[in-house]
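**Q** Return a 3D structure for these sequence lines:
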Amino acid sequence: MLRRLHLFHRWAGILLCAFFATWFFSGLFMMYVEFPSLTRPERLASAAELTFSHARLSPCRAACPLPAGDFAVHGTPTGNEPLLIADPTAPAKIDSVRLAQILGRPAYVATSGAAQPVVVFADTGEKLGRVTVAQAERIARTFAPEYDPRFLATVQSDQWVVSSALNAHRPLHVFALDDAAATELYVSSSTGEVVRDSTRLERALNYFAAVTHWIYPHVLRQFPDAWAWVVDIAAAAGCVLAISGLWVGVLRARRQGLKSKSSPLKSPHQRLLRWHYVTGGAFGLVTLTWVFSGWMSMNPGKLNPPRTPSAAQSAVFAGHAFALRDFNALPVLPPGTVEAELLHYDGQPLYLVTARDGAATLVSSGARAEFHPPTTEALIARAPALLPGAPLIEVRILTTYDNYYYTRHPERGTMPLPAVRVRFGDADATWFHFDPATGRILNKSTATNRLFRHLYNGLHSFDWWWLWSRRPLWDITVIFFSLGGLSLSLLGVVLGVRRLCHEFRKPAQRSIVGNAPDAQSNKAIAIP
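**A** Modelled structure (predicted):
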């Protein structure tokens, strides 16, 4: 029984070391290979200009009559599921509306809760319904007019669209552009928009990057709960292995210490063992922190609270909750607008419009020509209402990124500068960041959120802003520790396999020795 446990322990150690090796190896690819996505600059570059000159219906007239029954489908990677609606005929609670140009027509895209969005055309009030393959082909051709898209399949999910971020658009129609990069486009069946693209190189390299690093094969990842369990178990077991390895190293060093250079190493196994202890001492701790921080990315036990502000907090700057009824005039958009969404500031119904170059501005909804835009001073004056009763202890205008407000891709415009940070002296040490250009809260964080930021992003990606902003110093540091961890893991696999083979040979050796005739007995028999 003891021997079986011994063998199980060695097998488990070998498998986990192999896991570690693949994580370190794929981590090197992750530094420079992103998972396929349609980035904001790519989307804006190919988006059709919004032309609402033929619109006949305001956002309210088009979307206010939508019943709750229209928002009754929730997408998942394995299939669309019906949502339980108490009264399908009751008016839907619309959470947001944006403007779009779909099939060459002005349209409103309305969302409600976790349901897939509903598209209503602004010229007739007609609902789009489920997008057909023929319609999706027209959309793909408009997105990439220089190519002739070729239909490949309609998929609920595949390796490159398995993320829950695309649940609103499932199933998706896939088209090949047959260009030199072997680009494939994914068209939403709910909104008729291109929501993802991928190239041959992205797909090939990601098998060595995200698919391996995130344990992301489609056969597993399409089941989110099962995938989360696998990652949690692997990461937890990896932490135990790393801690036990460090502890064994400490105990062995106390008992024996590493042999001095004058003491010859008699076998290759001893030399490998020496290197394993050396790499373990040098990279064992960072191996542990990387596995632990990867586990923290899964937010085990939901210890890291959400960073989104409450509805009441969002209403401090907006003036009140989102009210579609306030948008009862036809949109009047500046030329060159390719995206627009409805929002409120200080009770005013406004459009946040985006040009092809990513520049975003606020314009009146059309109900009134004049409006007062947000200002930094006005937002700061309202900030105490975000947490009534808690002291506001600091206000800071950020013109550069730091450890708690940053992005790896500033060019995408998702984390604008300047931004305003306000700090409160409440029990949770709450911070808010908001955008003075739009009057929107960008995020909030508590002391727990900021601790998790270091436990995950900091320890896992080394993206402390001081280091990240000094590339290639960041690259050199991460590559150095990744190669060290890879060496440690590979040595663990080799030593584990050798030790296991030795364990299996022991019974055979004992059997041979036990069955051999005794030398003295043979001698006695030979004498007449």
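
**Q** Skipping adjacent residues, who's closest to Pro36 in space?
**A** Ser198 (3.6 Å; CB to CB, 6 or more residues apart in numbering). C-betas here are computed from N, CA, C, even on glycine.

**Q** mind listing what the closest residue to Pro391 other than its chain neighbours touches?
**A** With sequence-adjacent residues excluded and distances taken as CB to CB, 6+ apart, Pro391 is closest to Gly425, at 4.2 Å. Gly425 is in contact with 390-393, counting by CB atoms under 8 Å, 6 or more residues apart in numbering.

**Q** The same query, at a cut-off of 7 Å, please.
**A** Listed by CB atoms under 7 Å, 6 or more residues apart in numbering, the contact set of Gly425 reads 390-391, 393.

**Q** Highest neighbour count among these?
**A** If you count neighbours using other CB atoms under 10 Å, the busiest of the contacts of Gly425 is Ala390, which has 15 neighbours.

**Q** Could you count how many residues lie near the residue nearest to that one when sequence neighbours are not counted?
**A** The shortest distance from Ala390 to any non-neighbouring residue, by CB to CB, 6+ apart, is to Asp426 (3.8 Å). Other residues near Asp426 come to 15 when the count uses other CB under 10 Å.

**Q** which SS state does Asp426 fall under?
**A** coil (DSSP: H, G, I helix; E, B strand; the rest coil).

**Q** just checking, it touches Gly389?
**A** No - Asp426 sits out of contact with Gly389 when judged by CB atoms under 7 Å, with a separation of 8.2 Å.

**Q** Quick one: name whatever helix or strand follows the helix or strand hosting Leu379.
**A** With the criterion set as DSSP states H and E, the secondary-structure element containing Leu379 is helix 376-382. For helix 376-382, the succeeding helix or strand toward the C-terminus, using DSSP H and E, is strand 392-398.

**Q** and Val240, what are its phi and psi?
**A** In terms of degrees, to the nearest 10, the main-chain angles of Val240 are phi -60, psi -40.

**Q** how far away is it from Leu442?
**A** 38 Å (CB to CB, to the nearest Å).

**Q** Which of the two has more residues huddled nearby?
**A** Applying other CB under 10 Å to Val240 and Leu442 shows that Leu442 carries more neighbours, namely 18 against 13.

**Q** residues contacting the more buried one?
**A** Contacts here follow CB under 7 Å, 6+ apart; on that basis Leu442 touches 419, 433-435.

**Q** Repeat the analysis, applying 6 Å as the threshold.
**A** Shown in contact with Leu442 (CB atoms under 6 Å, 6 or more residues apart in numbering): 433-435.

**Q** Most neighbours of all those, which one?
**A** Within these, Phe434 tops the neighbour count with 26 neighbours, counted by other CB under 10 Å.

**Q** on that earlier part again, just the ones in strands from the contacts of Leu442, please.
**A** With strands taken from DSSP state E, the overlap with those comprises 433-435.

**Q** Which of these lies at the shortest distance from Ala100?
**A** Each of those was scored against Ala100 by CB to CB, and Asp435 proved nearest at 22.7 Å.

**Q** so where is the stretch 151-300 of the chain shaky, pLDDT-wise?
**A** For the stretch 151-300 of the chain, residues meeting the criterion pLDDT under 70 lie at 253, 255-276.
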